[in-house]
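Student: Could you work out the structure for the sequence below:
(chains A, B and C)
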Amino acid sequence: MSTRLGTGGRLIDRTHKLNFSFNGKRLKGFAGDTLAAALMAENQMLVGRSFKYHRPRGIVAAGAEEPNALMNMGRGAKFEPNQRATTTELCEGLTAASQNHWPSLEYDIGALNQYAARVLPAGFYYKTFIHPRPFWKHVFEPIIRQSAGLGQAPKDRDSDRYEHFHADVDVLIIGGGVAGLQSAVIAGRAGARVLLLEQTAHWGGRAPVDGVEVDGQAADIWINNTVQALEAMPNVRLRARCMGAGVYDHGSVLAYERLTDHAPQTDAPRHRLWKIRAHQIITATGAIERPLSFAGNDIPGVMLAAAIRDYVVNYAVSPGDRTVIVTNNDDAYRTAIALHHAGLMVPCIVDARPTATGALPEQARALGIPVKTGTAIAKVKGGKRVTGVALCQQAGEGSVTEEIACDAVGMSGGWSPVVHLWSHCGGKLNWEDQGQFFRPDPARAPISHDGNAFVSAVGSADGHMLTQAVFDSAAAIGTEIATRLGRKVATEPVNVTGPQEQPLVPVWVMPQGAPVEARSKMWLDFQNDVKVSDVQLAAREGYESVEHTKRYTTLGMATDQGKLSNINGLAILANELNARIPEVGTTTFRPPYTPISMGAIAGEARGDIFQPLRRTPLHDWHEDHGAHWEPVGHWRRPYCFPRGEETHAQAVAREIKATRTSLGLLDASTLGKIVVKGPDAGRFMDMLYTNMMSTLQPGKCRYGLMCSENGFLMDDGVVARIDEDTFLCHTTTGGADRIHAHMEDWLQCEWWDWKVFTANITEQWAQIAVVGPNARKLLQKLGGGMDLSASALPFMGWAEGKIGDFDARVFRISFSGELSFEVAVPASQGRAFWDALHAAGAEFNATPYGTEALHVMRAEKGFIMIGDETDGTVIPQDLGLGWAISKKKDDYLGKRAQERAHMIDPARWKLVGLETLDGSVLPDGCYAVAEGVNANGQRNTQGRVTSTYHSPTLSKGIAIGLVLHGPDRMGEIIEFNKVDGGVIRTRIVSPVFYDPEGEKQNV
Amino acid sequence: MLILTCPNCGLTAEESELAPGGEAHLKRFGPGSEDADFEGYLFQRANPKGVHFERWRHAYGCGKWFLAARCTVTLEVFGTYPAQTTEPPTEIVNKIKAKRPDWSLS
Amino acid sequence: MFNSVSALPGAFSAGAATVSEAGLVGMVTLKADLTDKKVAAAVFEVGGAKIPGQRCIEIAPAGAIAWMAPDEVLIVCSHADAPGVVADLDAKLTGTHHLAVNVSDARVVFDIQGPGAREILAKLAPVDLHPDSFQPGELRRTRIAQVAAAFWMTGDDAFRLVTFRSVAQYAFDVLAMSAKPGGEVRYF
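Tutor: Okay, here's the model as predicted:
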């Protein structure tokens, strides 16, 4: 059984007990424990089920590489699935539950899958579910969906908060082990701005566990002294619980800081995503131990040898009473020695190498631990827990030589540098034969904007597995980085005492000649159930590319992303393909290094501040008066103002009636307003608009169209000429920023010698449309001295002056067909002006109206709306707007495009009005059907609806749309189809349904 | 996340402050031009694996456009220069040639 | 008579730094050839300070002059003076190609003051706010979270930030959220 030892544990505080629960069981641990350590201390080695076969799964590792111990963590608004128990710090009241089993962890129906393993080999899904096709949707997919997935999706809204933080540094060091610390010391002393990150809560990495002595002192002492020295440097910052998640272009790095996961009651952001810009990055990310492939290596109780050492030394947790060590290298002997010193039984060390004569094996022998060289594990015995191992010769085919009872196995197949962060942004790798691993190739480092390398690996992340070499590499890299930054350094040598190690011997399958029965029980990927036999099968079936094999077998696709399985899988594939491992290559290392929370990615952008909402100066009034909001870009505009029990349709009808019969008020502040000024402004305006704008007289307005260079209509609006040099361009609500950018693009990049300045002053003004037969009376009632008479300020004129006390620009333009004044006042005066209009307008039943009434009234007049009548394929000529296209101009943006054959094709659909014979409202976007069918067997079409409304004014449905030869077919009846089948008989009419002579607006 | 130095305001800005604008040094073809020329101007774009001259706008900064010479593979930036330029400056061309002997300005 | 109002009158939040709306502030955009001596003279006479260097801000008796772009300065003044500043510039620059326009009401101004001020902005803006990198006298146009903004320092641990009026509530909310106690980074 696994249990807590009576003494020891360098990271735990035995005086501080913590209560937690696992699958509803109440358990206890100590402050400083990880959840995995605390579970093991309570003899809970079984922690989950594998993905495919639902095999029992135990804790394998002690860090970020853990593939099995994934938990549903927390409850309600703090629930989160797939949390690794090995990186979760224990806290009071922690609630964890295992995943991927039904009905319980101990008894799982899905485990029946393992008995079908022989018929569920690699590529099973690809092979099986292709035929018959209809089965996929109705049979296979529902079943797979039912059983797929690991943790549960959270049901409640996350109650925590998250944030981002930007930091610029000279040197970013990722990894707070001795390599990272020593690099930080060197860069810090050189005066560089340094940030050092460590993903765990503790500095120093593995050195203290491995019993290293630095400068004659225990590693812990050197680490504490170094951390204190770094904290005292004003130019160095240290951040624990902060993982370097990804390295991106030009020295950009994302780091993931976990602030409250270990203290959930704290009122602080839960996670902080650091957006770091670093001139130089040092990856001091260490190395990860590799499992060995022997039959039954997935049974709970089989762990990485170094992880066992971590649990014993750091947490005083013994994974088993009797632990067999199996290895191909010297390092694993440290675990045997640590177990021995902790008073635990090590029945034997199984070393696949023919001989083991290094200092560590000799030390183990001296302690009386039997060492069996040239030996392998033939098979691990047990189901939900290891009960023993059967041994055999490594060189043979697995004939059992003896059986040894044990309840834990510590395996070590050597170490692989963590090269993820080096590789994220293009760093390349070399294969190192001696250690059998990929290591960074400094000649092919990631390249920054200046063409120079910006990432360096140091310590065991660079393949230096002995501590002295780690320090030496830190000194060398630290010095090189400081030199790159133009800084001088003085390094002091650090002396490490520790045993020399003999080289490992590569062992990819144990025993070497294991038969297929054994190979199909050797797990490579514990979470996704990929075995040695699966990779071999894939190779035989022609999957030679490692990327294809990964996807075919799912090797390395689990949440640990192959941290344990990658090299072992590559070696199997290479062997099967008769290739060397470096020829097979690795799969791509993609960020993040381990999963980061969605909350951290979102940062502050959630709830009310998910995105910016743009508010007009009248927003609060609208809110207070029950506006139903419509999003228009980031703006919120009132759609209508329902009163009492009114439906939206009733409110819209009331608003239109009030406007057409007396007085309506519209908040038009969102309309874009761009000033164009300069001696060349007229020339520029003539290029921007299809119309001739240079002839517009000061004091006058003109409706204008803007096309893209591709000829398509992109925006429209009224232009007012302010003076000889100055125009004011109104754009659509959504168009202001886009059109201003469009103007600046042409001015800066094409016509840079033209003397024109522009400014987007959209938000400077609150603009209110005062609309209806009583509009003039209302404005005159407010006083101020402006002459608003038809003769002084005719239709399509504008004037500046005072309305009441307000500074106003008054434009006599109309989008409704009624007498209309659009009055702009400075935004700071907007609310007061709006209030004044309502107060004075009460006698005229002044009625605020929203965007829907605006839309209906413009449709009644046959006015187009950008985005309704246009969709990026429509040119002004399609819309009967030929009158707004100057024939006199040599050029304007879009003119050349409109000369193309397709644009002058007489068969282009053109704008008409549409009236159903029964008065009903045509469905939005529906198509007019024509005779015959197209190549796909669909009915031919001859037109479509672009705007359709019920007109309260005319008490019937009205629509405008684009129809083949439409303007030539007035009075003709065509049919529009309905979504539910059937057609609506519709007459082609003029698009101007209301006041075709324009008498009402021109009074 | 790229960083580019805006030649208009001198700031080294990160990509989220910038807006990309496609290929640089296009010659406009207007009314009266041949269909093929117009098509080339409007639609045909270089898509090199290597050195690319491109337009950027310092959208969240000074608002000005500028041009950049950048390698689409390594993301190395050989230089940025004003938008009011009809062809890449000699200095930048020379810099690219020094680093990429096989490259030539086509 | 009526009262002119700023975007978020009285908005205030306390935390790692205080965030408060500055009320009505006058702002005039001037676009012109900034190397033209006539332009420099007009700016000095009307704005009270010289045209600042690239990305800098000059404090003037009644406000400030901020360098916004190679052909643009922002003249900060009292709200009531802004229309007069436009008129004065137009008068002094008659015959010189320029654009002077009152943008006071298109903007909202926030003051961020306190020991956490740098950190609050560093949470939102992709800017190196380290004291070695950003100091009084510099003006930074950038974004805070998802909206365009410009800011400068008005003293130790004090920033003034300008953004668009329509997003005043959003800008205030993200600033206040970033200043919320518990979120101190203690980095600078």
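
Student: so where do the helices sit in chain C?
Tutor: Shown for chain C, the helices assigned by DSSP state H span residues C:37-47, C:82-92, C:117-124, C:168-178.

Student: what does the second one rub up against?
Tutor: Translated: helix C:82-92. Helix C:82-92 is contacted from outside by A:807, C:26-28, C:30, C:38, C:41-43, C:45-47, C:75, C:77, C:98, C:100-102, C:104, using C-beta atoms under 8 Å, 6 or more residues apart in numbering or on different chains. C-betas here are computed from N, CA, C, even on glycine.

Student: try 7 Å this time
Tutor: Here helix C:82-92 makes contact (C-beta atoms under 7 Å, 6 or more residues apart in numbering or on different chains) with C:26-28, C:30, C:42, C:45-46, C:75, C:77, C:100-102, C:104.

Student: Also stretch A:294-306?
Tutor: With contact meaning C-beta under 7 Å, 6+ apart, stretch A:294-306 is reached by A:45-46, A:55-61, A:289, A:291, A:319-320, A:325, A:327, A:332, A:335, A:376-380, A:382, A:384-386, A:407-412, A:510, A:518, A:521-523, A:526.

Student: ok but residue A:623 is inside a strand, no?
Tutor: No. Using DSSP: H, G, I helix; E, B strand; the rest coil, the assignment for residue A:623 is helix, not a strand.

Student: where does it land on pLDDT?
Tutor: As predicted, residue A:623 sits at a pLDDT of 98.

Student: looking at it, residue A:399 is touching residue A:391, isn't it?
Tutor: No. Using C-beta atoms under 7 Å, residue A:399 and residue A:391 do not qualify as a contacting pair, with a distance of 10.1 Å.

Student: higher neighbour count, these two?
Tutor: Shown here are residue A:399 and residue A:391; by other C-beta atoms under 10 Å in any protein chain shown, residue A:391 has more neighbours (22 against 10).

Student: List the contacts of the more buried one.
Tutor: By C-beta under 7 Å, 6+ apart, the contact set of residue A:391 is A:350, A:372, A:375, A:376, A:377, A:378, A:400, A:401, A:402, A:404.

Student: cool, residue A:793 as well?
Tutor: Neighbour list for residue A:793: A:787, A:799, A:810, A:812 [criterion: C-beta under 7 Å, 6+ apart].

Student: quick revisit: in strands, which of the contacts of stretch A:294-306 appear?
Tutor: Residues of the contacts of stretch A:294-306 located in strands (DSSP state E): A:46, A:56-58, A:289, A:325, A:327, A:376-380, A:382, A:386, A:408-412, A:523.

Student: Chain B: helices as residue ranges?
Tutor: B:35-42, B:90-99.

Student: on contacts alone, who are the packing partners of the last one?
Tutor: Helix B:90-99 is packed against strand B:77-82, with contacts defined by 3 or more C-beta pairs under 7 Å, 6 or more residues apart in numbering or on different chains; DSSP states H and E.

Student: Paired strands for the strand it packs on, with orientation please.
Tutor: strand B:65-71 (antiparallel) (DSSP bridges).

Student: Tell me what angle the partner strand forms with helix B:90-99.
Tutor: Interaxial angle of strand B:65-71 relative to helix B:90-99 (axes from the mean of the first three to the mean of the last three C-alpha atoms, to 10 degrees): 10 degrees.

Student: okay, strand B:65-71 in CSV with CA atoms only?
Tutor: Presented in CSV, the C-alpha positions along strand B:65-71 are these (Å, rounded to 0.1, in the frame of the first residue of the first chain):
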residue,chain,number,x,y,z
TRP,B,65,0.5,53.7,-42.9
PHE,B,66,4.0,52.4,-43.5
LEU,B,67,5.7,49.7,-45.4
ALA,B,68,7.7,46.7,-44.2
ALA,B,69,10.1,44.2,-45.8
ARG,B,70,9.6,40.9,-44.0
CYS,B,71,10.5,37.3,-44.5
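
Student: who's in contact with that strand?
Tutor: By C-beta under 7 Å, 6+ apart, strand B:65-71 touches A:745, A:748-749, B:4, B:6-8, B:21, B:24, B:50-58, B:77-83, B:85, B:88, B:92, B:96.

Student: Buried subset of those residues as a PyMOL selection?
Tutor: Only the buried entries of those go into this PyMOL selection, using 16 or more other C-beta atoms under 10 Å in any protein chain shown:
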select buried, (chain A and resi 748+749) or (chain B and resi 4+6+7+8+21+24+51+52+53+54+55+56+57+58+77+78+79+80+81+82+83+85+88+92+96)
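
Student: which residues does the most centrally placed residue in chain C bridge with?
Tutor: The centre of chain C sits closest to residue C:162, judged by C-alpha atoms, centre = their mean, with a distance of 4.3 Å. Here residue C:162 sits in beta bridges with residue C:109, residue C:150, as judged by DSSP bridges.

Student: which residues sit against the helix or strand where residue A:225 lies?
Tutor: Counting by DSSP states H and E, the element that carries residue A:225 is helix A:219-231. Defining contact as C-beta under 7 Å, 6+ apart, one finds that helix A:219-231 is touched by A:178, A:181, A:184-185, A:188, A:196, A:203-204, A:207-208, A:212-215, A:236, A:238.
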